[in-house]
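>>> Okay, here's the prediction I keep looking at, along with the sequence it came from:
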Amino acid sequence: MEYNHRDIESRWQQYWRDNKTYHTEIDPARPKYYVLDMFPYPSGAGLHVGHPLGYIASDIFSRYKRLNGFNVLHPMGYDAYGLPAEQYAIQTGQHPEVTTFKNIDRYRSQLDKIGFCYDWDREIKTCAPEYYKWTQWAFIKMFESWYDNSARKARPISELEAHFAKEGTAGVNGACSRELQFTADEWNAMDEKAKSDVLMNYRIAYLGNTMVNWCPKLGTVLANDEVSEGLSIRGGYPVEQKLMYQWCLRVSAYAQRLLDGLDTIDWTESLKETQRNWIGRSEGAEMRFAVAGRDDIELEIFTTRADTVFGVTFMVLAPESAYVRQLTTPDREAEVAAYLDAVKHKTERERMIDKKVTGVFTGSYAINPLTGKEIPVWVSDYVLAGYGTGAIMAVPAHDSRDYAFARRFDLPVIPLIEGADVSEASFDAKEGVMINSAGPELDLNGLTVKEAIAAAKKFIAEKGIGRVKVNYRLRDAIFSRQRYWGEPFPVYYKDGVPHMLPENQLPLLLPEVDKYLPTETGEPPLGRAKNWHTADGYPLELNTMPGFAGSSAYYLRYMDPRNDKALVSPEADAYWRNVDLYIGGTEHATGHLIYSRFWNKFLYDLGVVVEEEPFKKLINQGMIQGRSNFVYRIKDTNTFVSAGLKGDYDTTPIHVDVNIVSNDQLDLDAFRKWRPEFATAEFVLEDGKYICGWAVEKMSKSMFNVVNPDDIVERYGADTLRLYEMFLGPLEQSKPWDTNGIDGVNRFLKRFWGLFFKGDNWLVTDDAPSPEALKSLHKLIKKVTGDIETFSYNTSVAAFMICVNELYQLKCHSRAILEPLVVVLAPFAPHIAEELWHALGHDTTVCDAQWPAWNEEYLRESAVKYAVSFNGKVRFSIEVPADTPADEVEKLALGHEGAAKWTEGKTVRKVIVVPGKIVNIVVG
RNA sequence: GCUCGAAUGGUGAAAUGGUAGACACGAGGGACUUAAAAUCCCUUGGCUAUUGCGGCUGUGCGGGUUCGAGUCCCGCUUCGAGCACCA
C-alpha cells in the first residue's frame, strides 16, 4: 500500500463522525481542559490557508491534552452577525440569513477536511434565536444593575432605588455619567420619568446622549475600536462625531478591574500592553480654578502635572465644553460663536490632519490658586471634550501643545525646571529640579519633579482646591447600531421611558423587513417591520446590537449550548470554569478581548460564573500573508521575460495567479489558458524555465495570491497541510504563505509511512528495539512533549524528521518503537496516525491512547565529547566515558597533547568542566 | 512623542550563558533511468586552503560583565506593532 492521503483522510473523518469520537461530556472523574479558537465570521470568500493556522495549533494542543488524560472541551461556532452579509442583502435583496447560512456550510466543509477534533454537537451561531436569547438576557441584567465603586462590583438597581428612597445620594459611590446630588425627599417626589432619568445615569446598560462615531456611508454608529484614524475599519469610510441618544455599556466602570486583571492572566506582554494603553489609566489631580469677577462658577480641570501650576499662563476649554457658553463675555460672543461654527464643520479626520493651531479668547480670566494671578481663558479644538473635564490648565513651558498655542497667540512661557531651554520648544520630560515655583503658601523650588508632583497634590487636597483623581481613556461602549442584521434589543417604550421585556418573552425574534435600508423618515431598518410592538401595543426598540454583543460570552455558551433555562448551568460552569487556552489574532485586542472580559466580570459580579477572567492563557497566532508572483511583460509586446533576465528589458510586472506557479516556476500552458489576452504569449526563458518574481503582500483576490486549503488538502492531504503550517515558523509570528517548502513535509509523511509498509508488505516486527532506536524515540518524545507545552511546533516537526531519518538508518521496524511514535505524531497528523494505529492491530481510536513518557535511561550517552577551550577559544576535543567524574575529565584534558601545547610556559589558573559540553582552561 | 517587540546564511528558521546555523526549502554535484518524474547519496555562512583532511572570520552597530555572550547589562541604528492634540 502506498500512502494514499485521499483514501485515508476521508475514511477516518467519516469514522470520527459516525463514532462521535470527539463528543464531550462533563466527567468529574477527569480534569477538564478548555481549548478555544476565536470563532470566525463566515465571509463569502471562504477560508484561505491563513485561517486554519491557529485552529491547527489549538487542535494539536487539544489532542495532546486528551492523550494525557484530560477531558478536553474544544468547540467551534460562528460569529454570524456582521456588516458584509447585510451590505450584500442591501444590494441583492437576499435575506442576510440566507447568505450567512450558505457561508457557514462552506466554512464547515472546509474545516471538516482538515481533520479537527471539534465537538460539533456544541456548535453555536450567534444569529440563532436560542443563542441570542442569552445575549438579550445579559443586556437586561446590565440594565438592571449599577456599579458600586465602593464594593467594586455590580449590584441590582433595586438596591440603589431603595437607598435613594431612604437617604438620597448620600453615601452612594456609583459609576455614573454625571455626579448627582439629591435627598430622599427629593427622590420620593420625582415622577416616573424623572426617576428613570436618574437611574439611567447609573445603569450599566444605559441610554445616553453621547458623542458617537457616526458613519454616514454605513448608516450606523461605531464603537471606538471599529474606527481607526477617522475611518471605519470595515470599508474605510469617513466617520464623524455626532451627539446621539444611544444605548451604551458602562465599560468604564470596570476600567480598574480590567487593568488589574491583566496581572492575573497568562497573555503575551505586548497584548497586555495594548490593553493597558487602551484603558489608559493616568494618575493626576482634579483642580478648581476660580474665575475673576464670578462667584457662581469655578473651572474644573484635570492634570497629571500638579507640580506645574506655577507655570500656568492660560486656560483652554474644549469647543464642546459647557464652560464656553458660561465664560464668554458679551464683547467676545461673536468671535467665539464664529470659531465654534468653524470647528463644528470639520470632521474628526480633518481636525486630526489639520495641525494648524487655532483658538479664540473667551474674555474671562481664571485665577491661579497658587499665585493669585489672573490668567486668560481660551477655547481651542486641541482640547478634547471627552477626556477629563474638557478643560485644561496650560503650561506652555512643559507641554508641546500648550507651547505651540502660546507661541501662536503670544502668551507668556514660564520655565519651571532648572536648565530647561524653552526658547525653541517645550521641555516635556518628567525629570529635573523645580524653579520659579514658590508662592505665598507653597514652595516647590529645589524639589525633583517627582517630589514636586506629590507635594503639590498633597497641598491641593489639603487646601480643598482639588482632589487626587485617576482618569481612564477607556470609554463606555456604544451599543446601538442602526442596522438590521443584529440582535434586537428586548426593549419597549412606554411614554418615552424604556422598559425591558420580561424574561419569559425572550428571545425577541428579529422581524422580517421588506428592505434592509433605513426608513424614509431616517429610522433604522427595524422601523419597516410590521407589528413591531409589544402585545399591549408599546413600540419596540428599533436599533439592533453591535457585532461584539454576540461574541462577548460565547465561550460560556459552549459549556452548555442547548440549555434553555440558563446561559450556562451552574454545574457546567463549575466544571468547565473558563478557557484554559485561547488562540486567535491580535486584531481583537481592544475590541472583543476587552468586551468579553468586561462581560465576564459583570456575570461574575452577578454570581452567574465562578471565574473573573474568561481566558486564562492566550496565544496570538501570526497572520499569514500572501506571497504574490509576478511575470514581466516587455513594454508594448505580449512577450514575457523570466525574472532573472528582466534587467535587460523595459518591463511591467503583472500579478500572476499563484496557483499556476510552482516553486516560482510558471506553468506556461496554464498561463496561456489563464486569460484570453495571454493566449498568444511568448516567453524569454532562462535555462528553459520561466521564473517568476515574488513579493509579500496581503492575501487577497486582487493580488491573485489566495491559496485555498482545499487545494492543498486535495493535492498533499490534510496531514501535510497541518504539519506544514506548523513547520512554517513560530506560531506567533506573521509570515508569508510559501508553498515552496511543502514537499519536504509531504516527503516526511511518505517516509514515515515507509517505516510500516513497503509496497504491500507489512514491515513491522516484534523484534526487541536496539538501544539506538530507543534513544531516538525517547529523544523525540522528550522534545515534542516540551515543545507542545511551549507551542514550539515548528521544532517538533523537525524532531519528527530527525527521528524518522534515524530509524531509517537503523532499519528499525520494531513495534515497540513504532507504536509510541504513532501516538506522538497523532496530534499533528491525526489521519495517518489513526490509519497506522489500526494497522498495528488496535480497534480503539488513537485519540484514546496514552501519551508515552520518555525514559532518561535511554537518553544517557555512552561517551561524551568534550570541546576543550583555551581562554574561551576552542582548540581540540576529547572523548571520555559518560560517567567520568569532572575532576577526571579535567585531568584528561590537561594531559592531552593539545593542552600541553597551549599551557606551555604558563600557569593554569583554573579548569572549568561543563557537564557534557566544555572544558575550559584558563591560563595566567 | 510615549510604550512594547524584533534584527542570525540565498529563503523559512534552530540554539537551559557552553563547539552558532538543527530541520526544511532553494542551489550545485552524483547514482538509478532510453528520458522525465519519483527516489537515494554528497556539498552548501563568508573568505582562504583544498598534494596533510586545516586557517581566518562571522548572529544590525559601539561598549561592558564573564573563563566563555546570538543569549545578560548600558548606549545607538533600522524595522514592525500598539496608543496618541489623553493635558
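Sure thing, it's come through.
>>> Output the set of residues of the stretch 801-924 of chain A in proximity to RNA strand B.
A:801-802, A:805, A:865, A:867, A:869, A:871-872, A:874, A:877, A:910, A:912, A:914, A:917-918, A:920, A:922 (CB under 7 Å from any atom of the strand). For every residue, glycine as well, the C-beta is placed using N, CA and C.
>>> Have a look at chain A and report its longest helix.
helix A:771-790 (DSSP state H).
>>> quick one: buried residues of that one?
A:773-785, A:787-788 (16 or more other CB atoms under 10 Å).
>>> Just list what that helix packs against, helices and strands only.
Counting contacts by 3 or more CB pairs under 8 Å, 6 or more residues apart in numbering; DSSP states H and E, helix A:771-790 packs against helix A:52-67, helix A:793-810, helix A:815-825, helix A:856-859.
>>> Among these, show me which one is buried the most.
Most buried of the helices and strands packed on helix A:771-790, by mean neighbour count (mean count of other CB atoms under 10 Å): helix A:52-67, with a mean of 24.
>>> what's the closest of the buried residues of helix A:771-790 to A:His533?
A:Ile788 (56.1 Å; CB to CB).
>>> now, which of the residues of the stretch 801-924 of chain A next to RNA strand B lie within helices?
A:Met801, A:Ile802, A:Asn805.
>>> With adjacent residues omitted, what lies nearest to the first one?
When you say that, I think you mean A:Met801. In space, A:Met801 comes closest to A:Phe748 once its chain neighbours are excluded; the distance is 5.1 Å by CB to CB, 6 or more residues apart in numbering.
>>> per-residue pLDDT, that neighbour?
Per-residue confidence (pLDDT) for A:Phe748: 95.
>>> Tell me the spacing between it and RNA strand B.
7 Å (CB to the nearest atom of the strand, to the nearest Å).
>>> where in the stretch 601-750 of chain A is pLDDT low?
By pLDDT under 70, the weakly predicted segments of the stretch 601-750 of chain A are A:644, A:663, A:687-688.
>>> Check it for the residue nearest RNA strand B and tell me.
A:Gly744 (2.3 Å; CB to the nearest atom of the strand).
>>> got the contact list for that residue?
By CB atoms under 8 Å, 6 or more residues apart in numbering, the residues touching A:Gly744 are A:Phe727.
>>> Return the angle between stretch directions for whichever strand or helix holds it and helix A:815-825.
Using DSSP states H and E, A:Gly744 maps to helix A:742-754. For helix A:742-754 against helix A:815-825, the angle by axes from the mean of the first three to the mean of the last three CA atoms, to 10 degrees is 140 degrees.
>>> Helix A:742-754: what's the following helix or strand?
By DSSP H and E, the next helix or strand past helix A:742-754 is strand A:757-758.
>>> Name every strand pairing with that next one and say which way it goes.
Paired neighbours of strand A:757-758 in the sheet (DSSP bridges): strand A:761-762 (antiparallel).
>>> Check whether A:Tyr493 sits in a helix, strand or coil.
Classification of A:Tyr493 using DSSP: H, G, I helix; E, B strand; the rest coil returns strand.
>>> Would you check how far apart it and A:Tyr245 are?
As defined by CB to CB, to the nearest Å, A:Tyr493 lies at a distance of 12 Å from A:Tyr245.
>>> So between these two, which is more surrounded?
A:Tyr493 (15 against 10; other CB atoms under 10 Å).
>>> give the contact list for A:Ala205.
Applying CB under 8 Å, 6+ apart, the residues near A:Ala205 are A:Phe139, A:Met142, A:Phe143, A:Trp247, A:Cys248, A:Leu249, A:Arg250, A:Phe479.
>>> Alpha carbons of stretch A:409-418, as CSV, please.
Output of stretch A:409-418 as CSV, limited to C-alpha atoms (Å, rounded to 0.1, in the frame of the first residue of the first chain):
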residue,chain,number,x,y,z
PHE,A,409,-1.2,83.7,20.4
ASP,A,410,1.8,85.3,22.1
LEU,A,411,1.1,84.1,25.6
PRO,A,412,3.8,84.0,28.3
VAL,A,413,6.0,81.0,28.9
ILE,A,414,7.4,80.4,32.3
PRO,A,415,10.1,77.7,32.6
LEU,A,416,9.8,75.6,35.8
ILE,A,417,12.6,73.2,35.5
GLU,A,418,16.3,74.0,36.1
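>>> Flag every buried residue along that stretch.
Those would be A:Phe409, A:Leu411, A:Val413, A:Ile414, A:Pro415, A:Leu416, A:Ile417, for stretch A:409-418 by 16+ other CB under 10 Å.
>>> One more: stretch A:601-617?
A:601-606, A:608-609, A:611-616.
>>> Tabulate the residues you listed (JSON lines), appending secondary structure.
Formatted as JSON lines, these follow (three-state DSSP):
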{"residue": "A:Lys601", "secondary structure": "helix"}
{"residue": "A:Phe602", "secondary structure": "helix"}
{"residue": "A:Leu603", "secondary structure": "helix"}
{"residue": "A:Tyr604", "secondary structure": "helix"}
{"residue": "A:Asp605", "secondary structure": "helix"}
{"residue": "A:Leu606", "secondary structure": "helix"}
{"residue": "A:Val608", "secondary structure": "coil"}
{"residue": "A:Val609", "secondary structure": "coil"}
{"residue": "A:Glu611", "secondary structure": "coil"}
{"residue": "A:Glu612", "secondary structure": "coil"}
{"residue": "A:Glu613", "secondary structure": "coil"}
{"residue": "A:Pro614", "secondary structure": "coil"}
{"residue": "A:Phe615", "secondary structure": "strand"}
{"residue": "A:Lys616", "secondary structure": "strand"}
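>>> Around RNA strand B, which positions in the stretch 601-750 of chain A sit nearby?
A:663, A:727-730, A:733, A:735, A:738, A:740-741, A:743-745, A:747-748, A:750.
>>> and the stretch 401-550 of chain A, which of its residues are near RNA strand B?
Counting by CB under 7 Å from any atom of the strand, the residues of the stretch 401-550 of chain A that sit close to RNA strand B are A:Arg401, A:Asp428, A:Asn471, A:Arg473.
>>> if we can go back for a sec, gap between the residue of the stretch 601-750 of chain A closest to RNA strand B and A:Ala718?
17 Å.
>>> what's the answer for A:Leu818, then?
22 Å.
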